[in-house]
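sequence first, then the predicted structure:
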Amino acid sequence: MFALIDGNSFYCSCERAFDPTLRGKPLAVLSNNDGCAIARTQEAKDLGLKMGEPWHLASKRQELKPVIWMSSNYALYGDMSRRMYELLCEEAPRVEPYSIDEMFLDYAGLPGDLLALSARIRERVRTVAKIPTCVGIGPTKTIAKLANKVAKGVRGGDGLCDFARKEEREEAYKTIPLGEVWGLGRASVAKLARRGVESVADFTALRADEVRELLTVTGVRTQAELKGTVCYPFSVSPLTRKSLAVTRSFGKPVLAWPDMEQAIAAYATRAAEKLRRRGLVATAMQVFLRTNEFNSDPKYANQSTFEIEPTADSFALMGDAVRAGRRLWRDGFRYAKAGVVLLDLKPAAELPQELFASRDPERSARLMIALDTVNARYGRQTLKPAVTGLGQSWSMRRQRLSPRYTTHFDEVLLARA
DNA sequence: TCTGGGGTCCTAGGACCC
DNA sequence: TCTGGGGTCCTAGGACCC
């Protein structure tokens, strides 16, 4: 049996964990660049704030005046996520992190009342990590996810939903709309609706070949999982990821190549850091830049994907990225966004020793270790390649940032006694 | 002035080969 | 002159997720 536990309004709950004055108030956390709302407390939802609403529009709506807006603070959320994970590891034999605020638990082989166990876990996460959560239980991940959604939907409920028993969940399927199912998005729901399929029960009643024709094999898997057959097994350690990206919208439009060069160099440097932290090397790279998609600026977007010599060296990656960016650059546009994506990642340990590598691998490794050590101790941007620049007029807006309570000594909470 | 960032998987279609 | 089947690999685009 599986369980899925997830934090309610996770980013908002993280902010509240450190600032109790935010409790009971309508609060929203904004996306990068303070673009749109990506997390809302119940109070903010009740005022009518929608997921993804652009802040520049929402903040002008009269009924949303009471909402407290905060920039997203991923260092804090990542840290809170890790705490939640460590707590869960003490309670459940196996934990699989799924996203920053969601973890699957494997209850296989556990004796006793799994609902009571879930309640205990939930209470511990609430009191120790200060994060309110909901838990769904089911024999497959898809069912556990669905149960979790049901638990979340009950206001003033106990935050738990148990779909372990076939009869009970099949009864519930009759009234649950299809869009609630993990793996069925807007497009699939619309396709199914045209066939009169609206509830989860309608969907599980379809023949597998009909589902396949409509939704391909992913739809077939989702259906099988809803019926209790595991298609997505539990895995404690995810396989090494395949790609890694650093992409950002600019705080203001970029008009000149030197600014773009700085941005691309900085993104490549950051991507290289992420790569090294995971012990990986990249063997291919994608660089893209684009103008604003939403306004009436003249449009230009282009990207380039190419193989590179396998590496995690900041300078090598930066050089490749900047050269590619230069080829893509056209004068006369107002650029709104750019990105560096590292592809076909491999564990560094598997890297064959190149006889004629253009860079001395040992020297590169020593330099990168020095770079990472200094930056770990003194802050991320202490040592960085010169071309990434000091001015950074393009960097994103984060005007409503909370203090970095957990990651910076000079911003930790002070307790007076 | 203003609309996020970072992932995965699947399929169709073209190029190329035997 | 016309006609065939069957592979592989790559890429673009769609769909979905948080």
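Ah, there it is.

and residue A:252, which of the three is it?
strand (DSSP: H, G, I helix; E, B strand; the rest coil).

where's it relative to DNA strand B, distance?
Here the criterion is Cβ to the nearest atom of the strand, to the nearest Å. By it, residue A:252 lies 7 Å from DNA strand B. Bear in mind the C-beta positions are built from the backbone N, C-alpha and C, glycine included.

roughly how far does that residue sit from residue A:334?
9 Å (Cβ to Cβ, to the nearest Å).

repeat for residue A:167
Relative to residue A:334, residue A:167 is positioned 60 Å away (Cβ to Cβ).

swap in residue A:50?
As judged by Cβ to Cβ, residue A:50 and residue A:334 stand 29 Å apart.

then residue A:385?
Distance, residue A:385 to residue A:334, by Cβ to Cβ: 26 Å.

same check, this time on residue A:107
According to Cβ to Cβ, residue A:107 and residue A:334 sit 54 Å apart.

more neighbours: which of those two?
residue A:107 (20 against 15; other Cβ atoms under 10 Å).

and for the more buried one, nearest residue in space, chain neighbours not counted?
Among residues not flanking residue A:107 along the chain, residue A:1 sits closest, at 4.3 Å (Cβ to Cβ, 6 or more residues apart in numbering).

enumerate every residue touching the one you found.
By Cβ atoms under 8 Å, 6 or more residues apart in numbering, residue A:1 lies in contact with A:107-108, A:110, A:114, A:137-139, A:164.

from residue A:318, how far out is residue A:308?
For residue A:308, the distance to residue A:318 equals 12 Å [Cβ to Cβ].

and chain A, which of its residues are near DNA strand B?
Within chain A, the positions adjacent to DNA strand B are A:31-33, A:35-36, A:38, A:52, A:54, A:56, A:216-218, A:241-249, A:252-253, A:274, A:292, A:294-295, A:336-337, A:339, A:341, A:396 by Cβ under 7 Å from any atom of the strand.

how far out from the middle of the chain is the host helix or strand of residue A:304?
Residue A:304 belongs to strand A:301-311 when assigned by DSSP states H and E. Here strand A:301-311 shows a centroid-to-chain-centroid distance of 24 Å under the convention Cα atoms, centre = their mean, to the nearest Å.

toward the C-terminus, what is the element adjacent to that strand?
helix A:314-328.

quick one: residues in contact with that next one.
Defining contact as Cβ under 8 Å, 6+ apart, one finds that helix A:314-328 is touched by A:257, A:260-261, A:264-265, A:267-269, A:271-273, A:275, A:282, A:285, A:287-289, A:302-304, A:306, A:308-309, A:311, A:338, A:340, A:342, A:359, A:364, A:368, A:371, A:385, A:387-388.

what helix or strand is residue A:171 located in?
Using DSSP H and E, residue A:171 maps to helix A:166-173.

among the residues of chain A next to DNA strand B, name the ones in helices.
A:56, A:216-218, A:274 (DSSP state H).

A helix includes residue A:387, no?
Yes - per three-state DSSP, residue A:387 lies within a helix segment.

make sure it is actually in contact with residue A:260.
No - the pair residue A:387 / residue A:260 is not scored as a contact, 11.4 Å apart, by Cβ atoms under 8 Å.

quick one, which of the two is more surrounded?
Counted by other Cβ under 10 Å, residue A:387 and residue A:260 do not tie: residue A:260 has more neighbours, with 21 against 17.

flag every residue of chain A that's near DNA strand C.
Those residues of chain A that sit near DNA strand C, judged by Cβ under 7 Å from any atom of the strand, are A:98-102, A:145, A:181-189, A:305.

which of these lies closest to DNA strand C?
residue A:185 (2.2 Å; Cβ to the nearest atom of the strand).

any idea how far the nearest residue to that closest one once chain neighbours are set aside lies from residue A:136?
What sits nearest to residue A:185 in space, not counting adjacent residues and going by Cβ to Cβ, 6+ apart, is residue A:179, at 8.0 Å. Residue A:179 sits 16 Å away from residue A:136, going by Cβ to Cβ.

these two: who's more crowded?
The neighbour count for residue A:179 versus residue A:136, taken as other Cβ under 10 Å, is higher for residue A:136 (26 against 16).

how about stretch A:116-131: buried residues?
A:117-118, A:121-122, A:125-126, A:129-131 (16 or more other Cβ atoms under 10 Å).

which members of the residues of chain A next to DNA strand B are classed as buried?
Listed as buried from the residues of chain A next to DNA strand B are A:31-33, A:35-36, A:38, A:244, A:246-249, A:253, A:292, A:336-337, A:339, A:341, A:396; burial here means 16+ other Cβ under 10 Å.

mind checking which of these land in strands?
A:38, A:244, A:246-249, A:253, A:336-337, A:339, A:341 (DSSP state E).

ok, residue A:209 to residue A:385 distance?
With distances taken as Cβ to Cβ, residue A:209 is found 56 Å from residue A:385.

so, low pLDDT: which residues of the stretch 301-417 of chain A?
Low-confidence segments of the stretch 301-417 of chain A, defined by pLDDT under 70: A:351-359, A:389-391, A:404, A:407-417.

what about the helices in chain A?
A:10-18, A:42-46, A:55-58, A:74-91, A:114-124, A:141-153, A:166-173, A:186-194, A:200-205, A:208-226, A:257-277, A:314-328, A:361-378.

who does the fifth one touch, helix- and strand-wise?
Yep, that's helix A:114-124 we're talking about. The contact analysis (3 or more Cβ pairs under 8 Å, 6 or more residues apart in numbering; DSSP states H and E) places helix A:114-124 against strand A:2-7, helix A:74-91, strand A:133-138, strand A:160-162.

could I have the CA atoms of the second one written out in PDB?
C-alpha atoms of helix A:74-91 as PDB (Å, rounded to 0.1, in the frame of the first residue of the first chain):
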ATOM      1  CA  TYR A  74      13.200  28.700  -3.000                       C
ATOM      2  CA  ALA A  75      16.200  28.300  -0.700                       C
ATOM      3  CA  LEU A  76      13.700  28.400   2.200                       C
ATOM      4  CA  TYR A  77      11.200  26.000   0.600                       C
ATOM      5  CA  GLY A  78      14.000  23.500  -0.400                       C
ATOM      6  CA  ASP A  79      15.200  23.500   3.200                       C
ATOM      7  CA  MET A  80      11.700  22.900   4.600                       C
ATOM      8  CA  SER A  81      11.200  20.200   2.100                       C
ATOM      9  CA  ARG A  82      14.300  18.400   3.300                       C
ATOM     10  CA  ARG A  83      13.100  18.700   6.900                       C
ATOM     11  CA  MET A  84       9.800  17.200   5.900                       C
ATOM     12  CA  TYR A  85      11.600  14.300   4.100                       C
ATOM     13  CA  GLU A  86      13.900  13.600   7.100                       C
ATOM     14  CA  LEU A  87      10.900  13.500   9.400                       C
ATOM     15  CA  LEU A  88       9.100  11.100   7.100                       C
ATOM     16  CA  CYS A  89      12.100   8.800   6.900                       C
ATOM     17  CA  GLU A  90      11.800   8.400  10.600                       C
ATOM     18  CA  GLU A  91       8.200   7.300  10.300                       C
END
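
thanks again, I'm all set now.
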